[in-house]
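> predicted model and sequence follow; I will ask about them next.
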Amino acid sequence: MAVVTVSLVRARFLIEVIVLSSVYSALLTAIFVSLDALDVAMTEAAVGVGVTTTLFLATLKLVGNNTDSFKKVSYISLFISLGVAFLLVIGIAGLPLFGEAETPIHQHLSSYFLENTLNETGVINTVTAILASYRGFDTMGEVVVIFTAGVGVLCLLKREEDDE
């Protein structure tokens, strides 16, 4: 991911940026799968790799590949980006270690869901019950976002076909 990020910063053409962004999303999807976050991985694959790449390619077709505006380095943007990165590193440093058993979520929530999910929801799979029942509105919101993005892509592509 670091190689892709450096390549993104050094990219000179918009098509390079689009392809590298798609590769970055695909790598992020693989990381989510390795962490057993399949719902997040599917969303990243659909939105990050699929929808976003399609929107970027459709936009590139409409606006063309203009490299003149990418020759200047904005030091203000660089400073802000480094400041945000620094704050994120500080925030991450304060988190408990990955998989640590003594974190609050493992003390209260996990045991509650494992013990009560079947009785409260009637769903055997705990992860499915959490996504569909306990977090139903949140999951519905994610589905609405993916659906809306897909409809937007279809509208852009349909308009292009009609113009030809």
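Structure received. Bear in mind that the values here come from a model prediction, so they are computed numbers and not experimental data.
> list the contacts of Val9.
Shown in contact with Val9 (Cβ atoms under 8 Å, 6 or more residues apart in numbering): no residues. C-beta coordinates here come from the backbone N, C-alpha and C atoms, glycine included.
> if I look at it, how far off is Ala30?
22 Å (Cβ to Cβ, to the nearest Å).
> repeat for His108
31 Å.
> same check on Pro104?
Counting by Cβ to Cβ, the gap from Pro104 to Ala30 is 29 Å.
> re earlier: between His108 and Ala30, tell me which one has more neighbours.
Set His108 next to Ala30 and count neighbours by other Cβ atoms under 10 Å: Ala30 wins out with 14 against 10.
> contacts only, for the more buried one.
Contacts for Ala30 (Cβ under 8 Å, 6+ apart) come out as Ala41.
> how long is stretch 100-118 from one end to the other?
26 Å (Cα to Cα, to the nearest Å).
> quick one: mean pLDDT for it?
Throughout stretch 100-118, pLDDT has a mean value of 82.
> contacts made by that stretch with the rest, please.
Contacts to stretch 100-118, defined as Cβ under 8 Å, 6+ apart, come from residues Pro96, Val123, Ile124, Thr126, Ala129, Ile130, Tyr134.
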